[in-house]
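Chemist: build me a model:
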Amino acid sequence: MSIQAQAVIGALYGDEGKGLMVDRLAAATPGAVVVRSNGGAQAGHTVVDPAGRRHVFHHIGSGSFAGAATHFSRFFVAHPMLFLDELSALNERGAKPQISSDPRALITTPFDVLINQAVELARGTARHGSCGLGFGETIERNLQPEFALSTKDLFRPDLHARLVSIRDCWVPGRLAALGITALPEELAAVLADEITIACFEADCAAYRDHVTLWPDRRLCERASVIFEAAQGLCLDQNRGVFPHVTRSNTGLTNILAIAAEAGVTELGAVYATRCYTTRHGAGPLKGEVPTLPGVNVVDPTNAPNEWQGSLRLAPLDLFTLRKAIADDLTSDRGGIAVKAGLAVTCLDQTEDGFAVTDQDEEIRLDPAKAAPDIADFVGLPLSAESWGPRRRDVRLYLEAAVA
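Modeler: Numbering: from 1, shown residues only. Model prediction:
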């Protein structure tokens, strides 16, 4: 029996319109479950609801306004300290998604955030571009079994003792290994305050109230599956430029592993890219410019912030895009048939004669034909193109090629 699933993957450095595409696919797939296949709360996937109100999804799947459920896979890192605020904001807008998690999904603690921010501050002008939310430190801590904390552990009676052990044993050792001999005053106060653990335990209790344990292998028993990846292929821990990467697999690798457990046999993968390139945070960006001729960049989500600075811009580099997707499609598929297509977003921000590049050659495009032209350059069918921030602005084709 054939079991199909869909996936939305960022093709470059994140911020490509994944939230918009997941929202559009969920609206076309009644009763779907959106599966977070990597990353954690550092993701920021923007969706404009039918009433025109923006929401930036961090935990919860971007199909929520279309009625989709959310599932945190075993590769997702949950952040109970931020979860309830996001859920409350969605509830106020009429979205009340059912939420489940694989028991193996990792949990970020306040101590992971503390270490993350301390080490990034210590780097000064040589920052890696971290969001400061503790994602990478959560991964690092969970490599040590005695300090590991996953979703299933939130239901255990020894949760308090585990947190004390992380604070008293893991944190000093980790800071020493990182060469940090003294914390900034504000972070030191958080570490020393007993209320830090008490508040986190309250966050965990609220998290348990809203999240049901459900294994990845049983996903297809519930509904049609839409995988929502975080960040982009050029930030992948194995394919990006170290150290300016995220500590996760941002493309097919995790998705295919989950799909294999769940019994999926066919996967339709939509690779999303803007019609220009952005990067938020440190790291190389080929062709970076202060402004883009022919493009009126609109991005209220990626405001300048302490940890990642301002949004950086460059013309869309077709060579980089083509290579990133081709590399991702070499992932071990384990017998799952993958059909790949391209989604091009932010076309409403272009003017006549805007340009992309291919191996340093400038190519001027007509906005009306830019999406199929870009897809042709990449060598994939066009799955979707967007001419605005709402699902009604997305032209969905879903033609895909076996790759």
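Chemist: now the element after the lengthiest helix in the chain, going C-ward?
Modeler: With secondary structure taken from DSSP state H, the chain has its longest helix at helix 195-210. Under the assignment DSSP states H and E, the closest C-terminal helix or strand after helix 195-210 is strand 211-213.
Chemist: residues making contact with the next helix or strand after that next one?
Modeler: Going down the chain from strand 211-213, the next helix or strand is strand 225-228, by DSSP H and E. With C-beta atoms under 8 Å, 6 or more residues apart in numbering as the test, strand 225-228 has contacts from 5-8, 18, 22, 25-26, 29, 32-37, 45, 61-63, 68, 219, 255, 258-259, 262, 264, 267. The way it works is simple: take the backbone N, C-alpha and C, and place the C-beta from them, glycine included.
Chemist: surely residue 95 meets residue 65?
Modeler: Yes - if you go by C-beta atoms under 8 Å, residue 95 and residue 65 touch, sitting 5.3 Å apart.
Chemist: now the common contact residues for these two.
Modeler: Contact criterion C-beta under 8 Å, 6+ apart; residues shared by residue 95 and residue 65: residue 49.
Chemist: have a look at the two and say which one is more surrounded.
Modeler: Under the neighbour definition other C-beta atoms under 10 Å, residue 95 and residue 65 were set side by side, and residue 65 has more, 23 against 19.
Chemist: quick one: residues contacting the more buried one.
Modeler: 23, 47, 49-50, 55, 93, 95.
Chemist: chain center to stretch 320-340: distance?
Modeler: 18 Å (C-alpha atoms, centre = their mean, to the nearest Å).
Chemist: that one - what's its average pLDDT?
Modeler: On average, the pLDDT along stretch 320-340 is 95.
Chemist: buried residues, it. List them.
Modeler: 320-322, 324-325, 328-329, 331, 336, 338-340 (16 or more other C-beta atoms under 10 Å).
Chemist: which residues does the closest residue to residue 27 other than its chain neighbours contact?
Modeler: Here the nearest residue to residue 27 in space, its sequence neighbours aside, is residue 66; by C-beta to C-beta, 6 or more residues apart in numbering that works out to 4.1 Å. Applying C-beta under 8 Å, 6+ apart to residue 66 gives the contacts 23, 26-27, 32, 391.
Chemist: helices along this protein, start to end?
Modeler: Secondary structure of the chain by DSSP H: the helices cover 18-27, 80-92, 110-122, 135-141, 159-165, 171-177, 185-192, 195-210, 252-262, 318-328, 367-378.
Chemist: same for the last one, what does it pack against?
Modeler: In this structure, helix 367-378 makes packing contacts with helix 318-328, strand 337-345, strand 354-358, strand 361-365, strand 382-386, judged by 3 or more C-beta pairs under 8 Å, 6 or more residues apart in numbering; DSSP states H and E.
Chemist: in JSON lines, list the ones you listed along with distance to residue 395.
Modeler: Converted to JSON lines, the helices and strands packed on helix 367-378 look like this (distance: least, C-beta to C-beta, whole Å):
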{"stretch": "helix 318-328", "distance to residue 395": "20"}
{"stretch": "strand 337-345", "distance to residue 395": "10"}
{"stretch": "strand 354-358", "distance to residue 395": "19"}
{"stretch": "strand 361-365", "distance to residue 395": "17"}
{"stretch": "strand 382-386", "distance to residue 395": "5"}
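Chemist: wait, which of those is closest to residue 113?
Modeler: Closest approach to residue 113 among these is made by helix 318-328 (29.8 Å; C-beta to C-beta).
Chemist: I'd say residue 374 and residue 322 touch.
Modeler: No - if you go by C-beta under 8 Å, residue 374 and residue 322 don't touch, sitting 10.0 Å apart.
Chemist: residue 236: what's it in contact with?
Modeler: Counting by C-beta under 8 Å, 6+ apart, residue 236 touches 245-246, 248-251, 328.
Chemist: so where is the protein shaky, pLDDT-wise?
Modeler: Applying pLDDT under 70 to the chain picks out residues 1, 123-131, 302-309, 399-403.
Chemist: quick check, central residue of it?
Modeler: The residue lying closest to the centre of the chain (C-alpha atoms, centre = their mean) is residue 230, at 1.8 Å.
Chemist: surely it meets residue 251?
Modeler: No - taking contacts as C-beta under 8 Å, residue 230 lies outside contact range of residue 251: 10.7 Å.
Chemist: quick check: the gap between residue 99 and residue 70.
Modeler: In this view, residue 99 and residue 70 are 5 Å apart by C-beta to C-beta, to the nearest Å.
Chemist: now the common contact residues for those two.
Modeler: What both residue 99 and residue 70 touch, as defined by C-beta under 8 Å, 6+ apart, is the set residue 60.
Chemist: out of the two, which sits in the more crowded spot?
Modeler: When residue 99 and residue 70 are compared for neighbours, residue 70 comes out ahead with 25 against 21, by other C-beta under 10 Å.
Chemist: partners of residue 344 in the sheet?
Modeler: Here residue 344 sits in beta bridges with residue 273, residue 385, going by DSSP bridges.
Chemist: how deep is it tucked in, by neighbour count?
Modeler: Neighbour tally, residue 344, other C-beta under 10 Å: 27.
Chemist: measure it to residue 22 for me?
Modeler: 16 Å.
Chemist: and if you look at residue 264?
Modeler: In terms of C-beta to C-beta, residue 264 sits 17 Å off from residue 22.
Chemist: which of those two has more neighbours?
Modeler: Legend: neighbour count by other C-beta under 10 Å for residue 264 and residue 22, higher for residue 22 (31 against 22).
Chemist: what about the more buried one, distance to residue 146?
Modeler: Distance from residue 22 to residue 146, by C-beta to C-beta: 37 Å.
Chemist: again with residue 27
Modeler: From residue 27 to residue 146 the distance is 45 Å (C-beta to C-beta).
Chemist: neighbour-wise, which of those two wins?
Modeler: residue 27 (19 against 10).
Chemist: is it true that that one touches residue 391?
Modeler: Yes - at 5.4 Å, residue 27 and residue 391 qualify as touching, with contact defined as C-beta under 8 Å.
Chemist: reformat the helices of the chain as JSON lines; add distance to residue 278.
Modeler: Formatted as JSON lines, the helices of the chain follow (distance: least, C-beta to C-beta, whole Å):
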{"stretch": "helix 18-27", "distance to residue 278": "13"}
{"stretch": "helix 80-92", "distance to residue 278": "23"}
{"stretch": "helix 110-122", "distance to residue 278": "21"}
{"stretch": "helix 135-141", "distance to residue 278": "20"}
{"stretch": "helix 159-165", "distance to residue 278": "37"}
{"stretch": "helix 171-177", "distance to residue 278": "32"}
{"stretch": "helix 185-192", "distance to residue 278": "30"}
{"stretch": "helix 195-210", "distance to residue 278": "32"}
{"stretch": "helix 252-262", "distance to residue 278": "22"}
{"stretch": "helix 318-328", "distance to residue 278": "13"}
{"stretch": "helix 367-378", "distance to residue 278": "15"}
